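Asks: test case, fold it:
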Amino acid sequence: ISAVVDVLRGDWLTTGPSINSFENAFSDAVGSEHAVACSSGTAALHLMLMGLGVGPGDWVIVPSLTFLATANAVRYTGAEVYFADVNPETGLLDTEHLSYALGKSNVEPKAIIAVHLNGQCASMRNLKECAGDIVLLEDACHALGSSEILSPEKSLKTGSCYYSHAAAFSSHAVKTIASGEGGVVTTNDTNFAEKLRLYRNHGMVRDTNELASDPWHYEMHSLGFNYRLTDIQCALGRSQLSKLEGFVKKREKLRERYSICLKTLGPYVKPIETIGGCKPAWHLAVALIDFEKLDIKRVDVMRKLSDLGVGTQVHYIPVHKQPYYKMRYGTFSLRGCESYYSRCLSLPLWPDMTLAEVDFVVSVLADILGVEQNF
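Replies: Model (predicted):
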């Protein structure tokens, strides 16, 4: 609160010094050379693709198990989406499914977007080896604070862009750090970062040589957008960044409790699989439930949990199932995405949640599903 109040009492509500301060703190937090703040995670994805020059005639591979924004950002550029399948137990794009997508695609894609889901990161090292010279990007909107472990001595923070050209993050109100709305692109490419800063502000440039005679002078050299983030949001975001490590540790402790408890509910209920080589920063706590085998509908489970004060959600409907994309690319099946989607249920997870509350959630879930907890 004090960080926001300082901005309100200062001279800048937007385009002020808090922007650079937040960007510098963010790049330090993830280990990248540059961070470019913008108005949302969706804007971050769009800017990232614009900076690469993605446009009409291009194709971009996107895993279908993601939020709409990942695919939509591709379409904003005029490019086309090639939907890839995912591992049904993790929801993540892996080399098996990327190799299949690359083999089936009729043209070489301009880029591949790896989506880090629930706070668990896809293996960027393996995906880069599979992608070869194709540009690899990261949708890291779920994964701030996670790391890829390369060896006992070496790990890379998600967003360090060691294997990717850029990574997009979100600081939406429900994310690990929140600025209300907001997004960030990280990269190690200086020219790319400057291009994104231009695009986020209408493509507008002020030439200091012209300002002496014409102080109002500005020029637009490329088509940009109003994707700016305010100083108020940046002040809040920077304050939240200082608490990131604590948030991640609390969420890890809670998610570990969920994992232990869910494993007691029998063969048809389990937590999502964790992958080797990733140190997650859990954004969501997801149970995979075989509703068909348990002879119960997911919607009924969610309603009964809601009646007991337990809010749940489903992340996500595979994007290739959305009417817009079915009209554009036809109807087809991606079995991994559809298997994960049919079973997933996101359970409550927030930093101030208690272990007793986790136990309560799993206990009432067991009652509703009609299964016993076997400790």
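Asks: where are the low-confidence patches of the stretch 151-300 of the chain?
Replies: Residues of the stretch 151-300 of the chain that meet the criterion pLDDT under 70 lie in 207-213.
Asks: check contacts around the spatially most central residue of the chain.
Replies: Centroid-nearest residue in the chain, with Cα atoms, centre = their mean: C141, separated by 2.1 Å. Contact criterion Cβ atoms under 8 Å, 6 or more residues apart in numbering gives G41, A44, F67, A69, H116, A168, F169, S170, H172, K175, G183 as the residues in contact with C141. From N, CA and C alone the C-beta is placed, and that goes for glycine too.
Asks: what sits closest to it if chain neighbours are left out?
Replies: Here the nearest residue to C141 in space, its sequence neighbours aside, is S170; by Cβ to Cβ, 6 or more residues apart in numbering that works out to 3.8 Å.
Asks: number of nearby residues for that neighbour?
Replies: A total of 30 residues lie near S170 under the criterion other Cβ atoms under 10 Å.
Asks: how about the secondary structure of the residue nearest to the centre of the chain?
Replies: Using DSSP: H, G, I helix; E, B strand; the rest coil, the structure places C141 in coil.
Asks: quick one: K250 and L349 touch, right?
Replies: No: using Cβ atoms under 8 Å, K250 is not in contact with L349, being 9.6 Å away.
Asks: settle it for me: which of the two has more neighbours?
Replies: Set side by side, K250 and L349 show unequal neighbour counts under other Cβ under 10 Å, the larger going to L349 at 20 against 17.
Asks: so what's that one up against?
Replies: L349 makes contact with R251, L254, R255, Y258, W282, H283, L284, A285 under the criterion Cβ under 8 Å, 6+ apart.
Asks: can you classify it by secondary structure?
Replies: L349 is classified as coil under three-state DSSP.
Asks: ok, so of the contacts of L349, who is nearest V362?
Replies: When the contacts of L349 are ranked by distance to V362 (Cβ to Cβ), Y258 comes first, at 6.9 Å.
Asks: would you double-check that that closest one falls in a helix?
Replies: Yes: inclusion of Y258 in a helix is indicated when three-state DSSP is applied.
Asks: bridged to the closest residue to it other than its chain neighbours, which residues?
Replies: The shortest distance from Y258 to any residue that is not its chain neighbour, by Cβ to Cβ, 6+ apart, is 4.7 Å, and that residue is A285. Judged by DSSP bridges, the bridge partners of A285 are L347.
Asks: next, count neighbours for A285.
Replies: Residues lying near A285 (other Cβ under 10 Å) number 26.
Asks: ok, now which ones touch it?
Replies: Residues in contact with A285 (Cβ under 8 Å, 6+ apart) are N118, L254, R255, Y258, P271, S346, L347, P348, L349.
Asks: try it again with 10 Å
Replies: Contacts were defined as Cβ atoms under 10 Å, 6 or more residues apart in numbering; by that measure A285 touches 118-119, 251, 254-259, 262, 271-272, 345-350, 353, 358, 361.
Asks: if I look at it, how far off is L265?
Replies: Summarising the geometry, the distance separating A285 from L265, computed by Cβ to Cβ, to the nearest Å, is 14 Å.
Asks: K297 too?
Replies: Between K297 and L265 the computed distance is 18 Å (Cβ to Cβ).
Asks: again, but for K128
Replies: When Cβ to Cβ is applied, the distance between K128 and L265 equals 37 Å.
Asks: same check on K249?
Replies: Relative to L265, K249 is positioned 26 Å away (criterion: Cβ to Cβ).
Asks: between these two, which one's more packed in?
Replies: More neighbours surround L265 than the other of K249 and L265, with 20 against 13 (other Cβ under 10 Å).
Asks: I figured the more buried one hits L288, correct?
Replies: No: in this structure, L265 is not within contact of L288 by Cβ atoms under 10 Å, at 11.0 Å.
Asks: isn't R298 right up against L365?
Replies: No: under the contact definition of Cβ under 10 Å, R298 does not touch L365, with a separation of 11.8 Å.
Asks: those two: who's more crowded?
Replies: Each of R298 and L365 has its neighbours counted (other Cβ under 10 Å); L365 has more, 25 against 16.
Asks: tell me the SS of the closest residue to the more buried one other than its chain neighbours?
Replies: Of all residues beyond its chain neighbours, the one nearest L365 is L305 (6.8 Å), with distances taken as Cβ to Cβ, 6+ apart. Judged by three-state DSSP, the three-state class of L305 is helix.
Asks: also V60?
Replies: Here V60 is strand, with the state taken from three-state DSSP.
Asks: and for it, the neighbour number?
Replies: Should you count by other Cβ under 10 Å, V60 turns out to have 25 residues around it.
Asks: check contacts around A84.
Replies: The contact partners of A84, by Cβ under 10 Å, 6+ apart, come to 61-65, 93-94, 97-102, 104-105, 109, 112-115, 320, 334, 336-337.
Asks: so where does the nearest residue to it once chain neighbours are set aside fall, helix or strand?
Replies: On the basis of Cβ to Cβ, 6+ apart, the spatially nearest residue to A84 that is not a chain neighbour turns out to be A101, at 4.0 Å. Assigned by DSSP states H and E, A101 falls within helix 95-104.
Asks: and the angle for the following helix or strand past that helix with helix 95-104?
Replies: If you walk from helix 95-104 toward the C-terminus, the next helix or strand you reach (DSSP H and E) is strand 111-115. Relative orientation of strand 111-115 and helix 95-104, computed by axes from the mean of the first three to the mean of the last three Cα atoms, to 10 degrees: 150 degrees.
Asks: which neighbouring elements make contact with strand 111-115?
Replies: Helices and strands in packing contact with strand 111-115 are listed as helix 41-52, strand 59-63, helix 68-76, strand 80-84, helix 95-104, helix 124-131, strand 135-139, strand 166-170; criterion 3 or more Cβ pairs under 10 Å, 6 or more residues apart in numbering; DSSP states H and E.
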